[in-house]
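Enquirer: Attaching a predicted model along with its sequence, questions to come.
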Amino acid sequence: MLKEGDEAPDIHVRTDTGEEFRLSGLKGQRVVLYFYPKADTPGCTMEACEFRDDVRAFAGKGAAVVGVSPDKPEAQAKFKRKYDLPFTLLADEEKAAAQAYGVWKEKNLYGKKSMGIERTTFVIAPDGRIEKIYSKVKAKGHAAEVLAGL
């Protein structure tokens, strides 16, 4: 399990535009890397829209916002367009990033067990170390909580 102070695992996935993305390409700036279960679902939409609404404030604090889910690039692109999201969404189809960050977990919903993303946010410092981890996030109000912690 990752902890604050650890080096952030580099991730290599495709973006919502289908381009290759490496987290190490953002070294030198602070990154808010938030993992969410599924594009265009109620909680994930609420969370994404709150990050969207505060994106200038994050930029003002030198932080880039990046969202990650197991959706395909096409689904991420549609989600991004539908809600006018001004930040990169990553398509972690193989769940490699989720596994590297320890957020691919067994979930229990109404007695039914399945594997999925545990909503989690990592603030990564410019030196590539994990500055803060927000685990088991509640979507409503989360962006403001992260912003206040920067």
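Expert: Yes, it's here. Fair warning: this is a prediction, and the values are worked out from it, not measured in the lab.
Enquirer: ok, G141 to V13 distance?
Expert: Remark: distance between G141 and V13 (CB to CB, to the nearest Å) = 28 Å. All C-beta atoms are positioned from the backbone trio N, CA, C, and that covers glycine.
Enquirer: More neighbours: which of the two?
Expert: V13 (19 against 12; other CB atoms under 10 Å).
Enquirer: Return the set of buried residues in the helix or strand where the more buried one lies.
Expert: Element membership for V13 (DSSP states H and E) is strand 12-15. Counting neighbours by 16 or more other CB atoms under 10 Å, one finds that the buried residues in strand 12-15 are 13-15.
Enquirer: Equivalent analysis for stretch 94-105, please.
Expert: 95, 97-98, 100-104.
Enquirer: and which of those residues is nearest to R129?
Expert: Y101 (13.8 Å; CB to CB).
Enquirer: Was I right to think that closest one contacts T120?
Expert: Yes. Judged on CB atoms under 8 Å, Y101 makes contact with T120 at a distance of 7.1 Å.
Enquirer: got any residues that touch both of those two?
Expert: F35 (CB atoms under 8 Å, 6 or more residues apart in numbering).
Enquirer: Which stretches in the chain count as strands?
Expert: Listed in chain order, the strands of the chain (DSSP state E) span 12-15, 20-22, 30-35, 63-69, 88-91, 104-109, 112-117, 120-124, 130-134.
Enquirer: For the second one, the averaged confidence score.
Expert: Right, strand 20-22. Across strand 20-22, pLDDT averages out at 96.
Enquirer: Over to the fifth one?
Expert: Across strand 88-91, the average pLDDT comes to 98.
Enquirer: Parallel or antiparallel, list what pairs with that strand.
Expert: If you go by DSSP bridges, strand 88-91 pairs up with strand 12-15 (antiparallel), strand 63-69 (parallel).
Enquirer: now the longest one against strand 120-124, angle please.
Expert: Using axes from the mean of the first three to the mean of the last three CA atoms, to 10 degrees, one finds that strand 63-69 and strand 120-124 are set 150 degrees apart in direction.
Enquirer: which residues are contacting strand 63-69?
Expert: Contacts of strand 63-69 (CB under 8 Å, 6+ apart): 11, 13, 23, 26, 29-39, 44, 48, 51, 55, 58, 76, 85, 87-92, 97-98, 117, 123, 150.
Enquirer: Quick one: mean pLDDT for it?
Expert: Strand 63-69 comes out with an average pLDDT of 98.
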